[in-house]
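A.B. asks: compute the structure for the input listed below.
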Amino acid sequence: MIHHARLASAASSHMISPELPGIALTPEIIGAIRAGAWIVFNLSGGKDSSAAMAAVNLFLDLVGHPRERRMAIHADLGRAEWATTPETVQRIAAEAGMPLTVVRRAAGDLVDRWIQRFESGKRRYAALETYNLIGPWSSASLRFCQSEMKAAVIGPAVARMHQGEQIISVLGLRRDESHNRASIPIAKADERYAKAGNRHGTTMMTWHPIADWTSSDVFHAHRMLGILLHEAYSTWGSSRLSCRYCIFASLQDLEASAAATSNAEVYRELVGIEARSTFPFQPTRWLADVAPRLLSAPLRDVALQAVGQGLFAGLLGLALYGVAVARLGAARASLSGALVPLMTAVGAAWLLREPLTASTWIALALVLPGVALAGGAWATRTASLRSRTTSSP
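C.D. replies: Below you'll find the predicted structure:
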């Protein structure tokens, strides 16, 4: 039975320990707890979600909320996650006595999503359906790494599991984390996955109980309550935990992640995506520059690159261009630059077996005559024919 008298005295916050800040409450959250709502802890393995779960559990135990109506849920991001995150999440949930559900995006993990985004954008760009080539990465203005990979996976799963119930989703977001989070509410109705008036009667709310805690408060809670800290903090010195390499991470946190040998393979994969897409991982930082020591290539590949780019594309290309300028003049020789994209496409089709699309054939049909006209080939041919006509008896 829930102790209503204790709840009634906590209109805005509730102190769970003299050594910790209170947890933030609203009348709506109090009312839902009184009604025995399901409490669902969104557990990432990071310090904030773990501290939020521990603090709220202490409060709920104090007021008599039934533990059988609480659970933890984790969205597995696949390769993007630290290798130890799944085990860490399991241990944190087990030590808190919370049953854990793990969900995943059906169409692949976060690294797959980045690759899919770039490949889709590249196809659209090649088909002239978009003016700009779209990069692979999520960003501050397009956080699909959170919306698609977490919220859009967890929300529907929780709504299905507790159909017809009142549900409170507990998140460990804090206002001092960033400018964007400075104005997060303590709680709000969430109708994304349970529309108002739905036929099942399911209602969902989001609760940020440690919104006003500082990072120091969170670490203190871990020490005082004995909450397990992820290795990203305890071993590698990260200030926050998210993915192995996060688009919002500081240079220090990126370097800390790169120091963990278990993250090297994914580091190289993400740098490979940078190279193929030509888009940096962060707007002002290439991931490749964070830990170049992790990037290596077989000697054979290095030698081929040196011969191909250094000898043929460099020295031989420069020599041939000099000959072209001497024989054709600078204006005509400069037209060779217009042929580079087409030569690249043909070379890729020959060496890499990449298909020549219809748009490439159209480009060939337009550019080649254009270069010929600009180079004066048509005028030379016409003058030659006229000369022959004039000189004939």
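
A.B. asks: can you tell me the SS state at M204?
C.D. replies: At M204 the chain is in strand, as set by DSSP: H, G, I helix; E, B strand; the rest coil.

A.B. asks: look up how far R67 lies from it.
C.D. replies: Using C-beta to C-beta, to the nearest Å, M204 is found at 20 Å from R67. (C-beta placed from N, C-alpha, C; glycine too.)

A.B. asks: okay, those two: which has more neighbours?
C.D. replies: Counted by other C-beta atoms under 10 Å, M204 and R67 do not tie: M204 has more neighbours, with 23 against 14.

A.B. asks: so the more buried one is in contact with A157, correct?
C.D. replies: No. In this structure, M204 is not within contact of A157 by C-beta atoms under 8 Å, at 11.9 Å.

A.B. asks: the residue nearest to W114 when sequence neighbours are not counted: neighbour count?
C.D. replies: Nearest non-adjacent residue to W114, counting by C-beta to C-beta, 6 or more residues apart in numbering: P136, 4.3 Å away. The number of residues packed around P136, counting by other C-beta under 10 Å, is 22.

A.B. asks: for P136, what are its contacts?
C.D. replies: P136 is in contact with W114, I115, R117, F118, G121, I273, S277, F279, counting by C-beta atoms under 8 Å, 6 or more residues apart in numbering.

A.B. asks: poorly predicted segments of the stretch 151-300 of the chain, please.
C.D. replies: 297-300 (pLDDT under 70).

A.B. asks: where does H162 fall, phi/psi-wise?
C.D. replies: Main-chain torsions, H162, degrees, to the nearest 10: phi -120, psi 50.

A.B. asks: that one reaches G201, doesn't it?
C.D. replies: No. In this structure, H162 is not within contact of G201 by C-beta under 8 Å, at 11.1 Å.

A.B. asks: now do the domain split for the chain, please.
C.D. replies: For the chain, automatic domain parsing gives the domain ranges 4-234, 335-374.

A.B. asks: for the last one, what is the average pLDDT?
C.D. replies: Which is domain 335-374. Domain 335-374 carries an average pLDDT of 76.

A.B. asks: what about that domain, distance to the chain center?
C.D. replies: Centroid separation for domain 335-374 versus its chain: 34 Å, with C-alpha atoms, centre = their mean, to the nearest Å.

A.B. asks: ok, now the first one?
C.D. replies: Computed by C-alpha atoms, centre = their mean, the chain-centroid distance of domain 4-234 equals 17 Å.

A.B. asks: L316: neighbouring residues, count only.
C.D. replies: With other C-beta under 10 Å as criterion, L316 counts 11.

A.B. asks: looks to me like it is in a helix.
C.D. replies: Yes. Judged by three-state DSSP, L316 forms part of a helix.

A.B. asks: which residues touch it?
C.D. replies: By C-beta under 8 Å, 6+ apart, the contact list for L316 is empty.

A.B. asks: what pLDDT does it get?
C.D. replies: At L316, the model reports a pLDDT of 73.

A.B. asks: and it, how far is that from A330?
C.D. replies: The value you get for L316 to A330, if C-beta to C-beta is used, is 20 Å.

A.B. asks: just checking, what packs against whichever helix or strand S49 is part of?
C.D. replies: Following DSSP states H and E, one finds S49 within helix 47-63. For helix 47-63, the elements it packs on are helix 4-8, strand 23-24, strand 38-42, strand 70-75, helix 85-96, strand 166-170, helix 215-225, judged by 3 or more C-beta pairs under 8 Å, 6 or more residues apart in numbering; DSSP states H and E.

A.B. asks: rerun that using 6 Å as the cut-off
C.D. replies: Contacts defined by 3 or more C-beta pairs under 6 Å, 6 or more residues apart in numbering; DSSP states H and E place helix 47-63 against helix 215-225.

A.B. asks: just the angle between the helix it packs on and helix 47-63, please?
C.D. replies: Angle of helix 215-225 versus helix 47-63, following axes from the mean of the first three to the mean of the last three C-alpha atoms, to 10 degrees, is 60 degrees.

A.B. asks: which secondary structure state does the closest residue to S49 other than its chain neighbours sit in?
C.D. replies: Leaving aside its sequence neighbours, S49 sits nearest to G172 (C-beta to C-beta, 6+ apart; 3.8 Å). Recorded secondary structure, G172: coil (three-state DSSP).

A.B. asks: who's in contact with G172?
C.D. replies: Counting by C-beta atoms under 6 Å, 6 or more residues apart in numbering, G172 makes contact with D48, S49, A52.

A.B. asks: just the strands in the stretch 101-250 of the chain please.
C.D. replies: With DSSP state E, counting those that start in this stretch applied, the stretch 101-250 of the chain shows strands at 166-170, 187-189, 203-207, listed in chain order.

A.B. asks: can you lay out those as JSON lines showing distance to E269?
C.D. replies: Shown next, in JSON lines, are the strands of the stretch 101-250 of the chain (distance: least, C-beta to C-beta, whole Å):
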{"stretch": "strand 166-170", "distance to E269": "32"}
{"stretch": "strand 187-189", "distance to E269": "37"}
{"stretch": "strand 203-207", "distance to E269": "33"}
